[in-house]
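after the sequence you'll find the predicted model.
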There are 2 protein chains.
Amino acid sequence: MAKAPGEPMSVVTALVRASFLVNAAYAESAKEYGLTPQQGQLLCVLMAQPYGMSELGAVLRLAKSSLTELVDRTAQRGLVRREPDPCDRRAVRVTLTEQGGELAEAFYAETCRRIDLLPAGLSAEERATLAALLGRVVLDNNVPVVFKDTEENGEAVPAR
Amino acid sequence: MAKAPGEPMSVVTALVRASFLVNAAYAESAKEYGLTPQQGQLLCVLMAQPYGMSELGAVLRLAKSSLTELVDRTAQRGLVRREPDPCDRRAVRVTLTEQGGELAEAFYAETCRRIDLLPAGLSAEERATLAALLGRVVLDNNVPVVFKDTEENGEAVPAR
DNA sequence: CCTTGTGATTCGGAACCCGAACTATTTTAT
DNA sequence: ATAAAATAGTTCGGGTTCCGAATCACAAGG
């Protein structure tokens, strides 16, 4: 049966509902920059380095055809471009254009700002604990780096 | 600049990447039941009670037209139905059919099982702490109940 | 040199998203 | 009591996203 109101939330429910919250903040941030969430995610992934399509598809967990079209649409806007792979004439590498790089940085910063507001009700120590635990879940499950980690996006967890 | 490998992950990055992880598990669970993630989410929300379209749209954070079509598709499959609102002839109420209720329960249980595996590398105490902190973030941000909370989905946080 | 495997694209089909406009009904103002 | 305004929900046009199968070009292996 459903829990009584005062009863604490399970970790499963907390993860699902937190995900819903983060998705909404991410989508709002993307919208502010005239991006769709998928385009925003593509730009964020490419901030680290150019990627081949196969690897990019693995990182984003998309079917090959889905990725081809996402890259098509994003390239159409001048934000990314396909470059020939010098080592393999079948392959292309996807990289940010100058315009795409600038938009990616701005979108990334705004997304960091918005997401950083979500745990505002926690103390610094609680934030650090949350980051440590959630970070371990992320690492344990080999989540690809769909969002880079820098000092600029919220204070880092103090070293142990 | 990017952090050194050993440096802890920020709470912002942890939230975004954890969200990616949860989304993937959710989508896999939906697929196993022949549902799309959106249909699964609709079913989960309706497990609690029937909803009017306006309230349902608010909970799911969808435009009115998006919800109309989502309900159309899900009703087409016999999983939900629209009922007239006895108090307001403009309004309809969306409720689960018997078939939809059964599928919702199965999908919900499987999703709980999958999500419950994600923090498997944490101790029971760490899970409780994660649930408490993430739960507070969820409550602080007024996240709608897009996923119900019962004793069955992972152990609850011990009472304080 | 031929066969197999890989990288990426194309295609058909479906789901999903939203804003504007519309219809029916309820609520509010006169 | 009637008209105007607001609300509930649907329709429509346009766009994004998803995927499996099929295809072509190229690389690797036999």
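In hand now; what should we look at?

what does chain A put close to DNA strand C?
The interface of chain A toward DNA strand C, taken as C-beta under 7 Å from any atom of the strand, is made up of A:52-54, A:64-65, A:67-69, A:71-72, A:82, A:85, A:88, A:90-93. Just so you know, the C-beta spots here come from the backbone N, C-alpha and C atoms, and that holds for glycine as well.

just the buried residues of those residues.
A:53, A:67, A:71, A:82, A:92-93 (16 or more other C-beta atoms under 10 Å in any protein chain shown).

and those, which is closest to B:Pro144?
Nearest to B:Pro144 among these is A:Leu67, at 31.5 Å by C-beta to C-beta.

and that closest one, helix, strand or coil?
Following DSSP: H, G, I helix; E, B strand; the rest coil, we place A:Leu67 in the helix state.

can you tell me the element the residue nearest to it when sequence neighbours are not counted falls in?
Counting by C-beta to C-beta, 6 or more residues apart in numbering or on different chains, A:Gly57 is the residue found nearest to A:Leu67 once chain neighbours are left out, at 4.6 Å. Counting by DSSP states H and E, the element that carries A:Gly57 is helix A:53-60.

mind listing what's buried in that helix?
Under the neighbour-count criterion of 16+ other C-beta under 10 Å, helix A:53-60 has A:53, A:55-57, A:59-60 buried.

could you dump those to a markdown table with pLDDT?
Listed next are those as a markdown table, based on pLDDT from 0 to 100:
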| residue | pLDDT |
| --- | --- |
| A:Met53 | 98 |
| A:Glu55 | 96 |
| A:Leu56 | 97 |
| A:Gly57 | 97 |
| A:Val59 | 97 |
| A:Leu60 | 97 |
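
put together a markdown table for those residues, with distance to A:Ser19 on each row.
Formatted as a markdown table, the entries for the buried residues of helix A:53-60 read as follows, by distance: C-beta to C-beta, whole Å:
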| residue | distance to A:Ser19 |
| --- | --- |
| A:Met53 | 27 |
| A:Glu55 | 25 |
| A:Leu56 | 22 |
| A:Gly57 | 22 |
| A:Val59 | 18 |
| A:Leu60 | 17 |
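
how about the residues of chain A near DNA strand D?
Chain A comes close to DNA strand D at residues A:36-39, A:61-66, A:69-70, A:73, A:88-90, as judged by C-beta under 7 Å from any atom of the strand.

quick one, the helix ranked longest in chain A and helix B:11-32 angle?
Ranked by residue count, the top helix of chain A under DSSP state H comes out as helix A:11-32. Orientation check (axes from the mean of the first three to the mean of the last three C-alpha atoms, to 10 degrees): helix A:11-32 against helix B:11-32 gives 110 degrees.

all strands for chain A, in order.
Along chain A, the stretches classed as strands by DSSP state E are A:51-52, A:80-85, A:88-96.

now the angle between helix A:53-60 and the longest one, please.
Using the same axes, to 10 degrees, the interaxial angle of strand A:88-96 with respect to helix A:53-60 works out to 40 degrees.

so which elements touch strand A:88-96?
Other elements packing on strand A:88-96 under the criterion 3 or more C-beta pairs under 8 Å, 6 or more residues apart in numbering or on different chains; DSSP states H and E are helix A:37-46, strand A:51-52, helix A:53-60, strand A:80-85.

so which of these gets nearest B:Arg136?
Nearest to B:Arg136 among the helices and strands packed on strand A:88-96 is helix A:37-46 (25.5 Å), distances taken as C-beta to C-beta.

so which elements touch the closest one?
helix A:11-32, helix A:53-60, helix A:64-76, strand A:80-85, strand A:88-96, helix A:98-117.

quick one on the thing from earlier: now the strands of chain A in TSV, with mean pLDDT?
Compiled in TSV, these are given as follows (pLDDT from 0 to 100):
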stretch	mean pLDDT
strand A:51-52	97
strand A:80-85	97
strand A:88-96	97
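
closest to B:Ala25 out of those strands?
Ranking these by their distance to B:Ala25 (criterion: C-beta to C-beta) puts strand A:51-52 first, at 23.6 Å.

contact partners of the closest one?
By C-beta atoms under 8 Å, 6 or more residues apart in numbering or on different chains, the list of residues contacting strand A:51-52 from outside reads A:45, A:59, A:85, A:91-94.

do the same with stretch A:27-43
For stretch A:27-43, with C-beta under 8 Å, 6+ apart as the criterion, the contacting residues are A:23, A:26, A:56, A:60, A:70-71, A:73-74, A:77, A:79-80, A:96, A:100, A:103-104, A:106-108, A:110-111, A:114, A:146.

buried residues, it. List them.
A:29-30, A:33, A:35, A:38-43.

same deal with stretch A:102-109?
A:103-104, A:107-108.

pLDDT averaged over that stretch - what is it?
Averaging pLDDT along stretch A:102-109 gives 97.
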